[in-house]
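Peer 1: Pasting the sequence and the predicted coordinates here, then a few questions.
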Amino acid sequence: MCMCNEYIMCNENTKIYIFGDFNLPHIEWLQCDGNTCTPNTHYCKNPMTLLVSNFLSIVGCKQFNLIKNNKNRILDLFISNNDTSTCKSPLNSLVPIDVFHPPLNAEIFFNVEYMQLARKTLPKYRFSEGKYADINDDIKRVDWASILEVPSLDTATNHFYEEIYKIIRKHVPLRPIKSKKFPIWFTRPLIHIFKNKEKSWIRWKKFSNQLDYEEYSVLRKRFKQLSAQCFNSYLSKIETSLQKDIKVFWSFVNNKKKCGIPNVMFHNGNETDNPEDICEFFSNYFTSVYENSSLMTYDIDSLPCSSNTNFIISDISFSKNTIEQCLKNLDITKSSGPDGISPFFLKHTASSISVPLFYLYNRSLREGLVPTVWKSANITPVFKNGSKTDVTNYRPISLLSALSKVLERLVHNSIYPSLHNLLIPEQHGFVKHRSTISNLILYTNFLFDNMDNRIQTDTVYTDFCKAFDKVDHSIFLQKLAFNGIRGNLLRWFSSYIINRTQKVVVNGFSSSEKLVSSGVPQGSILGPMLFTLYINDIQYCFINSNFLLYADDLKVYRSVKSLNDCEKLQEDLDRLSNYCLINKLQLSIPKCKSISFTKNRYKQTYDYKINEDSLDRKTVVKDLGVLFDSKLTFREHYAYIKNKAFQLLGFITRCTKGFKRPQSFLTVYCSLVRSILEYACVIWSPCYTVHSDSIENVQKRTLRILSYKCEFARNLVSYSELLDKFKVTTLLIRRKEYDLIYLHKILHNKVDSDYLLSKLNLTIKRNPRIPNKTFYLQTYKNNTSFYNPIVRMCRLYNEISMKSSGMDVFDPRSRTFKRAVKQYTLMHTHSHIT
């Protein structure tokens, strides 16, 4: 295993295959998704099982043999990092069958390696090198009043761009972007030596002149020396940049992997190697998900408005200062959109360019029109999984013009405070002070309360097909009007969402523009808010059941005491099915599933259906990134995040083998690996030491790798000493910090949930001399409910407040409370917090 690990470290992109009789009968192999299996590490103390499990995770390999012998064990293993491999039992055996080692038929599929799609050489403006003092002066000298005073808004916008492009051409250098034939860290002197070295080699092979070979040898030695210097310099820059932006690491990885689109692509049985046709393949696939919206001709002012809302808004406008401030807040690392104007340019010309934008933005809202140029998008295909040559294995990423997103941000900031009050409390996606964590903590609290009372909970998880792309424009406008958007603003939204276009752009090549006939704009500021409004009336489906949403992720759940409760839940599912039909949304039935949460020996089982199709019944489901099992033990989640973290740890270890600074490796670990181990930890924080230690092993392994990089005897240094040396806190302590901070957020309405706030029961202090517990805790009947997240948070704070007065959860200042938590936990870095 050590040899294999070292080999993979030196050959990152190599596919490996390991066959053999490992003779490990004590390992229990659990089947995973697909045709692979993993060692069962639940309550496992067998060191070999843990060693194999960690090895598979770190090197990124999987075990494919699922065939057991006559003792119901798997002794012969087939290990590989090629996900397309399979292992089956053959129909006929070539030799007499050994009952202890049944025959295997391993199939290995090799992907054909295609070259990357060539990059089209196009000139590109270097906005970071522009003369912005001169640019701002030229923008101020333009007579915008006379230029923009034309009958058509589109014409005025075109005139605006013409003037801006003139100024850009005058003051911003234009440089060609060439396809790079050499690695990114190659400098010009190194490239020069490389070319001369190749010429010397060709001359020697052609003429066999010893002088040519000697010249080649000198250049080869010089090339190796300079190459090492250039690569080390490049790595040093990467390590320095990592401290500010973790995105640099992914750029570094992509440069090493040479990620890109192949020069041959397939779609619907057709093949092409023409760049423009490849873009058309992508464009046809991405637009195939859209529906034809039922656009009816009606008077916008005659659309009905809800009688339950006091909110009606028809006109909004912006001041020059508001526009200027929005421009200054732009992220300069973002790319230019279809108009080619960089956010860097807009941010550095905010004071001058806000003058013409003040006129264009307010005219757009006044006339209820969006300029056509701001309704187009560039689409970039991003690979998901599977074969890279299959168009269907890519997803679209939309890039809009920065000026259109500034307008969207201004509109969003103006209307969101009022629309926020209309959103149902069950929606936690794209809503301020709500998140996946608030969604899950409400849900788990309900489950734990039911489990404490020995009540079964049935949950149905649904999956909408391309929900954001299926939004019907006509229905959407009617819902906007119903929610109080009227007049010019409703006309503006109608213009904003209808007749949008998009084209696919890959390496400088582009497809033809295609009409977007349905959906809300992807990559936009307004899109998420508009979608939440679109499905806001889904609440009327669930008369008998509870439900929670995160954007389009919906779960419906109900307490089940009898068959009648199951039938009521089914009635709500029938209403949901009818709702989807009316609103032209589609449910992916194969991805919908049901689960029953209970520890009772006998549970009520019901065949839930949607559109007369039975739903798969599961014992484990993934809900917003957390694995829930039917008994709420979270054991599967602990194994899942540990294996995922080990895999990523092995990946970053291989990618950063040339890094010199331990802090750089630690930064990548904290950003990518530790975040996996801590996501939603307030929901699943382990109550048993065995699970807590299992998760902590990932960080222990990380610090051992760091100690190896620092070249000191890692076997002679304890975990607590490593924590001190690298200034790292244990994962257990960090989880308890998260508990306390989230409790503070709930108490001070930083989490938008009245229900969670109502679950915090305060005790009345009768005697000021006797320290009382801050929160009243009810008595629970079993250990599972004892670790209900809300109860755990309150109990933790009670235990601390009884011992220390330096932490006040009632202090409204978040920073002060976090500082107090940090100060307290620093004294308990190597032990439990209590």
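Peer 2: Happy to help now that I have it.

Peer 1: Pretty sure residue 467 sits against residue 583.
Peer 2: No: Residue 467 lies out of contact with residue 583 (C-beta atoms under 8 Å); the separation is 10.1 Å. Any C-beta I mention is one placed from the backbone N, CA and C, and that applies to glycine too.

Peer 1: In contact with residue 547: list those residues for me.
Peer 2: Neighbour list for residue 547: 426, 538, 539, 541, 554, 555, 556, 557 [criterion: C-beta atoms under 8 Å, 6 or more residues apart in numbering].

Peer 1: Now that residue 583 has come up, it's in contact with residue 472, right?
Peer 2: Yes: using C-beta under 8 Å, residue 583 is in contact with residue 472, at 7.0 Å.

Peer 1: Which one's more surrounded, those two?
Peer 2: Neighbour count, other C-beta atoms under 10 Å: between residue 583 and residue 472, residue 472 has more, with 22 against 17.

Peer 1: I'd like the distance between that one and residue 817.
Peer 2: 46 Å (C-beta to C-beta, to the nearest Å).

Peer 1: Kindly report the same for residue 281.
Peer 2: Counting by C-beta to C-beta, the gap from residue 281 to residue 817 is 54 Å.

Peer 1: now residue 735
Peer 2: Here residue 735 is placed at a distance of 17 Å from residue 817 (C-beta to C-beta).

Peer 1: So for the two, which sits in the more crowded spot?
Peer 2: Ranked by neighbour count (other C-beta under 10 Å), residue 735 and residue 817 place residue 817 first, with 22 against 19.

Peer 1: what sits against that one?
Peer 2: Each residue near residue 817 by C-beta under 8 Å, 6+ apart is listed here: 740, 741, 744, 807, 808, 809, 811.

Peer 1: buried subset of these?
Peer 2: Buried members of those, counted by 16 or more other C-beta atoms under 10 Å: 740, 741, 744, 807, 809.

Peer 1: pLDDT, distance to residue 277 and secondary structure added to those residues, as JSON lines?
Peer 2: As requested, those are exported to JSON lines (pLDDT from 0 to 100; distance: C-beta to C-beta, whole Å; DSSP: H, G, I helix; E, B strand; the rest coil):
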{"residue": "740", "pLDDT": "94", "distance to residue 277": "58", "secondary structure": "helix"}
{"residue": "741", "pLDDT": "95", "distance to residue 277": "53", "secondary structure": "helix"}
{"residue": "744", "pLDDT": "94", "distance to residue 277": "57", "secondary structure": "helix"}
{"residue": "807", "pLDDT": "82", "distance to residue 277": "64", "secondary structure": "coil"}
{"residue": "809", "pLDDT": "89", "distance to residue 277": "62", "secondary structure": "coil"}
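
Peer 1: Of those residues, which pair is most distant in space?
Peer 2: Farthest-apart pair in those is 741 and 807; separation 11.1 Å (C-beta to C-beta).

Peer 1: between the two, what contacts are shared?
Peer 2: Counting by C-beta under 8 Å, 6+ apart, the shared contacts of residue 741 and residue 807 are 817, 821.

Peer 1: which strands and helices sit next to the longest helix that the chain contains?
Peer 2: In the chain, assigned by DSSP state H, the helix with the most residues is helix 210-242. Using 3 or more C-beta pairs under 8 Å, 6 or more residues apart in numbering; DSSP states H and E, the elements in contact with helix 210-242 are helix 188-207, helix 247-257, helix 662-668.

Peer 1: buried set for it?
Peer 2: 212, 215-216, 219, 223, 226-227, 230, 234-235, 238-239, 241-242.

Peer 1: Also stretch 444-463?
Peer 2: Neighbour counts over stretch 444-463 (16+ other C-beta under 10 Å) mark 444-452, 455-463 as buried.

Peer 1: same check, this time on stretch 338-356
Peer 2: Buried residues in stretch 338-356, counted by 16+ other C-beta under 10 Å: 338-339, 341-350, 352-356.

Peer 1: With stretch 596-606 instead?
Peer 2: For stretch 596-606, the neighbour count (16+ other C-beta under 10 Å) marks 596, 597, 598, 606 as buried.

Peer 1: what's the farthest-apart pair in these?
Peer 2: The largest distance within those, taken as C-beta to C-beta, falls between 597 and 606 and amounts to 13.8 Å.

Peer 1: Overlap in contacts, those two.
Peer 2: Both residue 597 and residue 606 are in contact with residue 458, where contact means C-beta under 8 Å, 6+ apart.

Peer 1: To what extent is residue 711 buried, counted in neighbours?
Peer 2: By other C-beta under 10 Å, 7 other residues sit near residue 711.

Peer 1: Which secondary structure element is home to it?
Peer 2: Secondary structure assignment for residue 711, by DSSP states H and E: no helix or strand.

Peer 1: what helix or strand is residue 395 on?
Peer 2: Going by DSSP H and E, residue 395 is in strand 394-399.

Peer 1: Quick check: neighbours of that strand in the sheet, parallel or antiparallel?
Peer 2: Take DSSP bridges as the rule and strand 394-399 pairs in its sheet with strand 376-383 (antiparallel).

Peer 1: Tell me where the stretch 601-750 of the chain has helices.
Peer 2: With DSSP state H, counting those that start in this stretch as the criterion, the stretch 601-750 of the chain has helices at 635-655, 662-668, 674-678, 681-684, 689-709, 719-726, 731-747.
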